[in-house]
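1. give the three-dimensional model of this entry:
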Amino acid sequence: MPPTKKLRSIQWFGRQDIYGFIYRSWTKNRGVPQDQFDGRPVIGICNTYSELVPCNSHFRTIAEHVKAGVLEAGGFPLEFPVMSLGETLLRPTAMLYRNLASMDVEETLRANPIDGTVLLVGCDKTTPSLLMGASSVDLPTIAVSGGPMLSGKYRGTDIGSGTNVWSMSEDLRAGKISLEEFHEAESCMHRSHGHCMTMGTASTMASMVEALGLGMPGNAAYPAVDARRNVLARAAGRRIVAMVKEKITIKKILSKKAFENAIRANAAIGGSTNAVIHLIAIARRLGVNLTLDDWDRVGEGVHTLVNLMPSGKYLMEDFCYAGGLPAVLRELGENNRLHKDALTVNGQTLWENVKDAPCWNREVIFPFKKPFKKNAGIKVLRGNLAPQGAIIKPSAATPKLLKHKGRAVVFENIEDFHKRIDDPQLDIDANCVMVLKNCGPKGYPGMAEVGNMPLPPKLLKKGVTDMIRISDARMSGTAYGTVVLHASPEAAAGGLLALVQDGDMIEMDVAKGKLQLLVSEKEISRRRKGWKKPKPQLSRGYWRLYFDHVNQAHEGADLDFLVGGSGDFVPRDNH
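-> Model (predicted):
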């Protein structure tokens, strides 16, 4: 049976034997006094600072503010690093390493004398990876996001991370801007610490942290360089000490109700499609039954209220000044789209936190009864092309394309796409459906953000700005377009996507949740006989482990043996 001591850390620091000597003495080598081992809560500050992750480059400062809060509340803070995942530099994709980072977090928390933890999260995958790892241990937990960058400013115009990268790269390919203008924009877009300031995956997941109740009120929107971000971090440091004493663990916060609140919040903010896969993965670590059907059921009838890129005009700085996520959650609550009694980390219910939240700018945050876009949350599509589901973000799509039938133009993999997309002789027109294969969890590997395929220059020059694109990949939360993602099962797992050929007709009806390959069963059977199961790209190491054990997208793309949790019990000493 596990020990029944009041705090986990007492099993290390409270012992008066050889083990206690070891645990305390080596910790004292940096000047820690004896009274820090008197039974006060030990708080682990899980820091994803890295110079390889630009979004998290200010986390040393954030950590110091958390640490100050812990000390003020009578706790003993111990900061530690874990694997940090950056979207911009990490190849082939940060998503490949999300599960590995979650293992780092889980094992570090379980193996050390930690009673509660503050997770410092920012860039896209740092948030789900840390939440997944912490969920499998189930300690008192608060997540503190690093905050978005200040708005990009280019020649008198606001430009947003990612969103304008896509648009300006298309303009460059179409000959509308020069290379010098392209380079100038690079310096203007990212001009402060922080993560993407559009409603991309980083901002979405920061919003999910707050909507789930796992972050302090205001977590989603304060800019990284705003002093209030540091105040929030300090408050989190104080509060985590109280949570340890009150025994409020992460499982008590992340209930099914909390996830349903997050699904509705995601729809209301026009959030990233990546939230689907991450929330499902987190829920499965906790034993909460969250599926694509929940996204359909719970998100139905929720409107997009926030006018932010990529679905709209403004940026996260504007969202903050307009009232931030509390104003959005209040709109949902006043229109019966919120579980008001869901517990949050500050000890109050979600509704107690937001019921009086003001909105200061209705051009940025619209009222529920006069929304920015109606019923425009994540939509799940099913059919023979994705029997276990695919998703689309209608708020970022072209309305006239949401019901469409077109001829498939197929790319077998990302290399095939890059090789042929710029060819003036490519047999494609605006009515076609672009199909990309072998970019899912096993196929890429890691399910990269390549689903929003750039359009052919020959069509861009004719003024075509959007086409239906279908793949087993993901796309950046900063991207836009009529893009169908996460087709499951993926091509590399034998999904029907693997058998699509040039010239096949594909029908999509988003209102009916339909995605169908219009090819006879007899022909599909014939093609199936010629399909060969792909081999892993590497025969050893983490890539091989991932290929052999990754679940499909509709299950959160976690590793099969990581689903669930092992708790915080460690049975043996180390000497």
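2. going forward, measure contacts and count neighbours with C-alpha atoms only.
-> Will do.
3. now do the contacts for residue 439.
-> Taking Cα atoms under 8 Å, 6 or more residues apart in numbering as the contact definition, residue 439 lies against 413, 414, 445, 446, 447, 448, 450, 471, 472, 473, 490, 491.
4. same question, residue 426
-> residue 420.
5. that one and residue 297, how far apart?
-> With distances taken as Cα to Cα, to the nearest Å, residue 426 is found 40 Å from residue 297.
6. kindly report the same for residue 316.
-> Summarising the geometry, the distance separating residue 316 from residue 297, computed by Cα to Cα, is 28 Å.
7. do residue 180 as well
-> Distance from residue 180 to residue 297, counting by Cα to Cα: 48 Å.
8. neighbour count: those two, which is higher?
-> More neighbours surround residue 297 than the other of residue 180 and residue 297, with 14 against 8 (other Cα atoms under 10 Å).
9. phi, psi of that one?
-> Geometry field for residue 297 lists phi and psi as phi -70, psi -50, criterion degrees, to the nearest 10.
10. over to residue 145?
-> Note on residue 145: backbone dihedrals following degrees, to the nearest 10 are phi -80, psi 150.
11. show me the contacts for the nearest residue to it once chain neighbours are set aside.
-> Excluding the flanking residues, the one nearest residue 145 by Cα to Cα, 6 or more residues apart in numbering is residue 121, at 4.8 Å. Neighbouring residues of residue 121 by Cα under 8 Å, 6+ apart: 47, 48, 56, 127, 130, 143, 144, 145, 146.
12. do the same with residue 305
-> 268, 269, 270, 328, 364, 365, 366, 367, 368, 371, 372, 373.
13. from residue 221, how far out is the fourth one?
-> The one in question is residue 328. The spacing between residue 328 and residue 221, counted by Cα to Cα, is 12 Å.
14. okay, the two: which has more neighbours?
-> Taking neighbours as other Cα under 10 Å, residue 328 and residue 221 compare with residue 221 leading, 31 against 25.
15. tell me the secondary structure at residue 142.
-> Look at residue 142: counting by DSSP: H, G, I helix; E, B strand; the rest coil, its state is strand.
16. contacts for the longest strand along the chain?
-> The strand that spans the most residues within the chain, counting by DSSP state E, is strand 403-411. Contact partners of strand 403-411, identified using Cα under 8 Å, 6+ apart, comprise 417, 427-428, 431-437, 500-511.
17. just stretch 523-539 next, same as before
-> When contacts are taken as Cα under 8 Å, 6+ apart, the neighbours of stretch 523-539 outside the stretch itself are 442, 443, 445, 492, 493, 494, 498, 499, 543, 544, 547.
18. hmm, back to that, next, give phi and psi for the residue nearest to residue 145.
-> Geometry field for residue 121 lists phi and psi as phi -130, psi 150, criterion degrees, to the nearest 10.
19. can you check the pLDDT for it?
-> With respect to pLDDT, residue 121 has a value of 98.
20. how close does it get to residue 513?
-> Separation of residue 121 from residue 513 (Cα to Cα) stands at 34 Å.
21. check residue 247 too.
-> Summarising the geometry, the distance separating residue 247 from residue 513, computed by Cα to Cα, is 43 Å.
22. ok so, going back, partners of the longest strand of the chain in the sheet?
-> Using DSSP bridges, the neighbouring strands of strand 403-411 in the sheet come out as strand 433-436 (parallel), strand 505-509 (antiparallel).
23. average pLDDT across the very next helix or strand once past it?
-> Under the assignment DSSP states H and E, the closest C-terminal helix or strand after strand 403-411 is helix 414-420. Averaged across helix 414-420, pLDDT comes to 97.
24. now the contacts of residue 439 as a markdown table including neighbour count and distance to residue 99?
-> Formatted as a markdown table, the entries for the contacts of residue 439 read as follows, by neighbours: other Cα atoms under 10 Å; distance: Cα to Cα, whole Å:
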| residue | neighbour count | distance to residue 99 |
| --- | --- | --- |
| 413 | 16 | 23 |
| 414 | 17 | 23 |
| 445 | 24 | 13 |
| 446 | 26 | 10 |
| 447 | 27 | 12 |
| 448 | 23 | 14 |
| 450 | 20 | 20 |
| 471 | 29 | 22 |
| 472 | 34 | 19 |
| 473 | 28 | 17 |
| 490 | 29 | 19 |
| 491 | 27 | 21 |
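25. counting only helices, which of those make the cut?
-> Using DSSP state H, residue 414 are the members of these that sit in helices.
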